[in-house]
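[1] Sequence first, then the predicted structure:
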Amino acid sequence: MRNVGKWLAYSTLGLVAALTLLGCAGGAINWNQEPPYSLNLAWGEKGSGPGQFDDPTGIAVTDTEVFVSDARNGRIQVFDHQGHFKREFGTPGDGIGELGRPMNLTIHDDKLYVPEYMNDRIQVFSLAGEPLSAIGSPGKGPGQFNAPGGVAVADNGDLFVVDFYNHRVQHLKADGSFVKQWGTTGKTGRGAGEFTYPTDVALGKDGTLYVADGYGNRVQAFDTTGDFLRKWGGPFAIGLYGPFKGWFTTTTSIALGPNGEVFVADFYNDRIQKFTARGDYLTAFGTPPENPGHTAMAVDVGRDGAVWSVNFADNRVEKWKAINP
Amino acid sequence: MFKKWFLMLAALVFSVAALAADKHYVLGVDGLACPFCAYGIEKRLNKVDGVTGVEVDVGKSTVRVTLQEGKPFSEERARQAVEEAGFTLRSYSEVEGETGGSDVQ
């Protein structure tokens, strides 16, 4: 009888230790957590008119405007910060100024960078909507894309493009010429510096490159020279998915806050998760879907710290604000 | 006499039109809720010779494919295209008219 008791005690202790280890490794246990953000504003519904969406898939904000990828309508819609429609540009197609499923948006130096999933290119627009240039072509060679999902732009104009079906991130010059890549073209991987359908990328002020490794269910970070720094998402960030704090089930978008915090759209868990630059879990927030599908598709952060996201299933734009303690 | 000829002509026109109609297929494919997935399968299937339309139903997790008459789209061809897009084909059926989506098992 005494042996059974001892066995039970050791088993319980072992289980607690294993769960603690998993929790720490997955980011669930972190004493500096924050309260969730609260929904401050939302607008939109399914349709093709102004303020309506048919698959919103990307978002980018300036100090005064909100740009939204309206994928199936083949256009970018622009709103003010109160959700009032201002203008739109683009029509479905593959010509200059036309759009084939625009995805995660980036604004840099008063230009809008639009990755086009169907047209395998990055199209650059003025913020007024005038097409300026197009970078890339379909394929798996250097400087070519197979479904680009997101782009980041360095101060010198260099581009970092996630190439979804080629399982890589490419570093290109502003004219589209190839510099280098992370990941093996066309091959998925779960190790450091390997990708499984990456979806988006963000560049920190210190030059750190953060990659949303979509179906790798994790975030990977690289330094300015391209060396791997760290990864997080579930135990040891080896691709396990789940609904727990610090875990992901398909990361579809990534953005950085004014102080370097990392915000990640955790699509199948219907939430945005917030981390420190080191990958420590801080908080999570989101809306459950009212229609079939999932909500947390894309995210961006304003200079004032407000978080903007697109709700894919319900065809809405949402604005979130931190709850001050 | 004229009435008989008219009826025969009308029947001929109707049968030719029926023969020339597009063919519809419904593919069951899991994991299509994310647009990165749904667009990928749409992009791949649109490259199949003769495909004139691809519609993804996220709720039912099905893909409805429309092909020109006379263009083959066997289950094996569908499976290959679906796998190249990174998915597994769960079901395949040829359907009639516009309401065939419910035929998928």
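    Received it, and whenever you're ready, just let me know what you need.

[2] Could you show which parts of chain A are in contact with chain B?
    A:55, A:57, A:71, A:101, A:103, A:117-118, A:147, A:149, A:164-165, A:197, A:199, A:214, A:250, A:252, A:267-268, A:292-294, A:297, A:312 (CB under 8 Å from any CB of the partner chain). All C-beta spots, glycine's among them, are computed from the backbone N, C-alpha and C.

[3] So among these, which ones count as buried?
    A:55, A:57, A:71, A:101, A:103, A:117-118, A:147, A:149, A:164-165, A:197, A:199, A:214, A:250, A:252, A:267-268, A:293-294, A:297, A:312 (16 or more other CB atoms under 10 Å in any protein chain shown).

[4] all strands for chain B, in order.
    Per DSSP state E, chain B carries strands over the ranges B:23-29, B:51-57, B:62-67, B:89-95.

[5] partners of the first one in the sheet?
    Here strand B:23-29 has these sheet partners by DSSP bridges: strand B:62-67 (antiparallel), strand B:89-95 (antiparallel).

[6] With just CA atoms, put that strand into CSV.
    Only the C-alpha atoms of strand B:23-29 are listed here, as CSV (Å, rounded to 0.1, in the frame of the first residue of the first chain):
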residue,chain,number,x,y,z
LYS,B,23,-19.5,19.6,-66.7
HIS,B,24,-19.4,20.1,-63.0
TYR,B,25,-17.5,18.2,-60.4
VAL,B,26,-17.5,18.6,-56.6
LEU,B,27,-14.3,17.7,-54.7
GLY,B,28,-14.2,17.2,-51.0
VAL,B,29,-11.1,18.7,-49.5
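
[7] Would you mark the buried spots in that strand?
    Buried residues in strand B:23-29, counted by 16+ other CB under 10 Å: B:Lys23, B:His24, B:Tyr25, B:Val26, B:Leu27, B:Gly28, B:Val29.

[8] Ok, the last one next?
    Within strand B:89-95, the residues that count as buried by 16+ other CB under 10 Å are B:Leu89, B:Tyr92, B:Ser93, B:Val95.

[9] And the shortest one, by the same measure?
    Burial within strand B:62-67, assessed by neighbour count using 16+ other CB under 10 Å, is assigned to B:Thr62, B:Val63, B:Arg64, B:Val65, B:Leu67.

[10] gap between it and the chain center?
    4 Å (CA atoms, centre = their mean, to the nearest Å).

[11] what's the spacing between A:Asp94 and chain B?
    12 Å (CB to the nearest CB, to the nearest Å).

[12] again, but for A:Val68
    With distances taken as CB to the nearest CB, A:Val68 is found 14 Å from chain B.

[13] can you pull the contacts of that residue?
    A:Phe53, A:Pro56, A:Gly58, A:Ile59, A:Ile76, A:Gln77, A:Val78, A:Phe79, A:Leu105, A:Val310, A:Val317 (CB atoms under 8 Å, 6 or more residues apart in numbering or on different chains).

[14] Distance of the second one relative to A:Gly239?
    Taken as CB to CB, to the nearest Å, the spacing of A:Pro56 relative to A:Gly239 amounts to 27 Å.

[15] Please say which of those two ends up with more neighbours.
    Taking other CB atoms under 10 Å in any protein chain shown, A:Pro56 and A:Gly239 do not tie; A:Pro56 has more neighbours (27 against 20).

[16] Not counting sequence-adjacent ones, nearest residue to the more buried one?
    A:Val310 (3.9 Å; CB to CB, 6 or more residues apart in numbering or on different chains).

[17] mind checking pLDDT for that neighbour?
    Here, the pLDDT recorded for A:Val310 equals 98.

[18] ok, it - contacts?
    Counting by CB under 8 Å, 6+ apart, A:Val310 makes contact with A:Phe53, A:Pro56, A:Thr57, A:Gly58, A:Ile59, A:Val68, A:Ser69, A:Met297, A:Ala298, A:Arg316, A:Val317, A:Glu318.

[19] hang on, the earlier thing: just the buried ones among the residues of chain A next to chain B: which are in strands?
    Under the assignment DSSP E, these contribute A:Thr57, A:Gly149, A:Thr252, A:Met297 to strands.

[20] tell me the contacts of the residue of chain B found nearest chain A?
    Here chain B gets closest to chain A at one residue, B:Gly59, 3.6 Å apart by CB to the nearest CB. By CB under 8 Å, 6+ apart, the contact list for B:Gly59 reads A:Pro292, A:Gly293.

[21] try B:Thr66
    By CB under 8 Å, 6+ apart, the residues touching B:Thr66 are B:Asp22, B:Lys23, B:His24, B:Tyr25, B:Val51, B:Thr52, B:Gly53, B:Val54.

[22] Turn those into JSON lines, columns for distance to B:Arg77 and pLDDT.
    Output for these, formatted as JSON lines (distance: CB to CB, whole Å; pLDDT from 0 to 100):
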{"residue": "B:Asp22", "distance to B:Arg77": "17", "pLDDT": "85"}
{"residue": "B:Lys23", "distance to B:Arg77": "13", "pLDDT": "92"}
{"residue": "B:His24", "distance to B:Arg77": "15", "pLDDT": "96"}
{"residue": "B:Tyr25", "distance to B:Arg77": "10", "pLDDT": "97"}
{"residue": "B:Val51", "distance to B:Arg77": "11", "pLDDT": "96"}
{"residue": "B:Thr52", "distance to B:Arg77": "16", "pLDDT": "96"}
{"residue": "B:Gly53", "distance to B:Arg77": "16", "pLDDT": "95"}
{"residue": "B:Val54", "distance to B:Arg77": "14", "pLDDT": "96"}
